[in-house]
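A.B. asks: Sequence plus the predicted model coming up.
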Amino acid sequence: MNPDCRYLEELLHHDIPLTRTMELRVQRWENHELRLSAPLAPNVNHTGTMFGGSLYSLSVLAGWGWLTLRLREAGIDDGHIVIKGGQIDYPLPVVAEAVAICAAPSEEDWKKFETMYRRRGRARLYLDIRILAPSGETAVHLHGEYVLHK
């Protein structure tokens, strides 16, 4: 596990105890794409598929984790990240390990976000997180609005 992944996983497990119960793992941070995973067993619902609340948590945390690592790279360590809102859709059930993928927003959106935060101490960024079904289709999609503030 690379040092960034280890840092984020330890941070999540320390600051958000639910992530330990979910058995959340940081799989990869590469080319500004973050992948988090959670196994089915500790997150199963009454129908044998993954519980919607676990899928929501995993998705939100993928965005939060992405922003945490990206800010760390940018040398910004004085802010608090919160999810302000978002739209989540569950088009397909998740029947095995869930892997949440948060890709980078456009470079233009990132630069606007970083500039706004450095200038005003508050900025918002929209991130898209997906969990794929074994077929490669999107099983879960979160369009999240994240806010960084001092």
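C.D. replies: Thanks, I have the structure now.

A.B. asks: element containing the residue most central in space within the chain?
C.D. replies: For the chain, the residue nearest the mean C-alpha position is residue 62 (1.0 Å; CA atoms, centre = their mean). Using DSSP states H and E, residue 62 sits in helix 52-73.

A.B. asks: got the buried residues for that helix?
C.D. replies: When burial is assessed from 16 or more other CB atoms under 10 Å, helix 52-73 yields the following buried residues: 54-55, 57-71. Heads up, the C-betas are built off the backbone N, CA and C, glycines and all.

A.B. asks: which secondary structure elements does it contact?
C.D. replies: helix 3-15, helix 18-21, strand 33-38, strand 80-89, strand 98-102, strand 122-132, strand 138-149 (3 or more CB pairs under 8 Å, 6 or more residues apart in numbering; DSSP states H and E).

A.B. asks: any idea how far residue 129 is from residue 66?
C.D. replies: Distance from residue 66 to residue 129, counting by CB to CB, to the nearest Å: 8 Å.

A.B. asks: Mind listing the shared neighbours of the two?
C.D. replies: With contacts taken as CB atoms under 8 Å, 6 or more residues apart in numbering, the residues that reach both residue 66 and residue 129 are residue 102.

A.B. asks: Report the distance from stretch 85-92 to the chain centre.
C.D. replies: The chain centroid and the centroid of stretch 85-92 are separated by 14 Å under CA atoms, centre = their mean, to the nearest Å.

A.B. asks: which other residues reach that stretch?
C.D. replies: Under the contact criterion CB under 8 Å, 6+ apart, stretch 85-92 has outside partners 52, 55-56, 59-60, 133, 137-145.
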